[in-house]
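# build the 3D model from these lines:
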Amino acid sequence: MSVLVVTGTGTEVGKTVATAAIAAAALARGRSVAVLKPAQTGVGPGEPGDAMEVVRLAGAVTAVELARFPEPLAPATAARRAAMTPVQPRDIAEAAGKLATEHDLVLIEGAGGLLVRFDAAGSTLADAATLLDAPVLIVAPAGLGTLNATALTAQALRVGGLVCAGVLVGSWPAGPDLAARCNLADLPESAGAPLLGAIPAGAGALTPAAFRAASAGWLAPALDGGWDAEEFRARMAPDA
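Residues are numbered from 1 along each chain as shown. Down below sits the predicted model:
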């Protein structure tokens, strides 16, 4: 794939760190990578946003941010309240298409979940993915409640005729509870797509060198890593 859309089941599920890990693993394989953040909200002028956090963690990534809105709200709401022009799906598709001509992999990191509104017309990240005919990766939490949110996101992708590339656990706890352990088997069933990795909780606090060295070990081969879903499930199984 040359363009991969990274969405979440909601906010604060680990999308940015997951995007950085995917970028780092691809870079380690010798691929050129760009990360596109269509709408950055809740970050002031001159402050580093999500795209620059990917650069900090992953390394030599081309970072592009299309718009920045000051309040930490959904992009459509943040744009309206700031009296600024919202980001349109065609803007995202055009920017990603240009980056794809210059890079081996373009990662588009959404804001919040898949159907968060970008403008008053109700345009979403899914609309941009449709224009690009790009697969979508779902980043999901590990614990209780994640199955419903993951299933709803995957269903929205199917209804829209989009391909779910897989599901990635955005923050795997050091001491996983019963729900998290069971969800390793249940998440791919809820998504109707493979489990493609598990990012350890706190990974974003590692030094960039340690993060880059470890990233491939958190991701399945489909994401340029060496993580084995079956081995991880067996090791984390409730009766293990």
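
# show me where the chain has helices.
15-28, 50-58, 75-81, 89-100, 125-132, 146-159, 178-191, 208-215, 229-236 (DSSP state H).

# what residue ranges in this protein score low on pLDDT?
Where the chain drops to pLDDT under 70, the residues are 1, 240.

# hmm, try it at 90
1, 44-46, 112, 237-240 (pLDDT under 90).

# how about the contacts made by the nearest residue to A220 once chain neighbours are set aside?
Excluding its sequence neighbours, the residue lying closest to A220 (Cβ to Cβ, 6 or more residues apart in numbering) is L196, at 4.3 Å. All C-beta atoms are positioned from the backbone trio N, CA, C, and that covers glycine. Listed by Cβ atoms under 8 Å, 6 or more residues apart in numbering, the contact set of L196 reads 137, 165-168, 219-220, 222-223, 227, 229.

# one more: C164?
By Cβ under 8 Å, 6+ apart, the contact set of C164 is 135-138, 154, 157-158, 191-193.

# quickly note the distance from it to V139.
Distance of C164 to V139, given as Cβ to Cβ, to the nearest Å: 12 Å.

# returning to that earlier point: for L36, find the nearest of the helices of the chain.
helix 89-100 (5.6 Å; Cβ to Cβ).

# mind giving me the packing neighbours of that closest one?
Packing contacts for helix 89-100, counted by 3 or more Cβ pairs under 8 Å, 6 or more residues apart in numbering; DSSP states H and E, involve strand 33-41, strand 62-69, strand 105-113, helix 125-132.

# coming back round to it: got the helices of the chain as JSON lines, with mean neighbour count and distance to A34 columns?
As requested, those are arranged in JSON lines below (neighbours: other Cβ atoms under 10 Å; distance: least, Cβ to Cβ, whole Å):
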{"stretch": "helix 15-28", "mean neighbour count": "27", "distance to A34": "9"}
{"stretch": "helix 50-58", "mean neighbour count": "21", "distance to A34": "9"}
{"stretch": "helix 75-81", "mean neighbour count": "19", "distance to A34": "20"}
{"stretch": "helix 89-100", "mean neighbour count": "19", "distance to A34": "4"}
{"stretch": "helix 125-132", "mean neighbour count": "22", "distance to A34": "13"}
{"stretch": "helix 146-159", "mean neighbour count": "18", "distance to A34": "23"}
{"stretch": "helix 178-191", "mean neighbour count": "19", "distance to A34": "26"}
{"stretch": "helix 208-215", "mean neighbour count": "17", "distance to A34": "17"}
{"stretch": "helix 229-236", "mean neighbour count": "14", "distance to A34": "27"}
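
# Serialize the ones you listed to CSV and add fields for distance to F69.
Below are the helices of the chain laid out as CSV (distance: least, Cβ to Cβ, whole Å):
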stretch, distance to F69
helix 15-28, 17
helix 50-58, 13
helix 75-81, 4
helix 89-100, 14
helix 125-132, 16
helix 146-159, 23
helix 178-191, 30
helix 208-215, 28
helix 229-236, 37
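
# out of the helices and strands packed on helix 89-100, nearest to V17?
The closest of those to V17 is strand 105-113. By Cβ to Cβ, the value is 10.5 Å.

# what is that closest one packed up against?
Short answer (3+ Cβ pairs under 8 Å, 6+ apart): strand 105-113 packs on strand 3-8, helix 15-28, strand 33-41, helix 50-58, helix 89-100, helix 125-132.

# redo the ones you listed as a markdown table? Include distance to M236.
Converted to a markdown table, the helices and strands packed on strand 105-113 look like this (distance: least, Cβ to Cβ, whole Å):
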| stretch | distance to M236 |
| --- | --- |
| strand 3-8 | 22 |
| helix 15-28 | 19 |
| strand 33-41 | 29 |
| helix 50-58 | 25 |
| helix 89-100 | 35 |
| helix 125-132 | 30 |
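
# R80 is nearest to which of the ones you listed?
Distance to R80, taken as Cβ to Cβ, is lowest for strand 33-41 among the helices and strands packed on strand 105-113, at 11.8 Å.
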